[in-house]
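1. I'll drop the sequence and a predicted model, then ask my questions.
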Amino acid sequence: MAIEAARKAASRVDDETLKAVPLLAGFRVVPYYALTRFGKWTRCCANLNRRHQCVSERHVALRPRHGLLGKGQTDAAEQEFGKV
């Protein structure tokens, strides 16, 4: 339920709205926190190559990279962290 609520909140802030009101970026990152909180590493890692529209979103996108560590994929995690 928390993950679905996080996705719903994030989906209400489209790219155009984010450009107009950058303060809303906080809503866009909530799903990353929810997924990592509940250990949904596979779903976290599915977002690795997603384009991010703002700095805070790119920063929080590191969380899926932590998902690789959570899945025991240390080599892949090291490569991903090298891209940052």
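-> Everything's here; your move.
2. quick one: least confident helix or strand in the chain?
-> The least trusted helix or strand in the chain, going by mean pLDDT, DSSP states H and E, turns out to be helix 55-60, with a mean of 65.
3. Pull out the buried positions in stretch 2-21.
-> If you call a residue buried by 16 or more other CB atoms under 10 Å, then stretch 2-21 has these buried ones: 3, 6, 10, 13, 18. C-betas here are computed from N, CA, C, even on glycine.
4. From these, which land in helices?
-> Among the buried residues of stretch 2-21, the residues falling in helices (DSSP state H) are 3, 6, 10, 18.
5. nearest to Leu68, of those residues?
-> Relative to Leu68, the closest of those is Ile3; by CB to CB it sits at 19.0 Å.
6. Helices of the protein, residue ranges please.
-> 2-11, 15-20, 25-28, 30-37, 41-45, 55-60, 62-70, 74-83.
7. Excluding chain neighbours, what is closest to Ala34?
-> Spatial nearest neighbour of Ala34, chain neighbours left out: Ala6 (4.0 Å); criterion: CB to CB, 6 or more residues apart in numbering.
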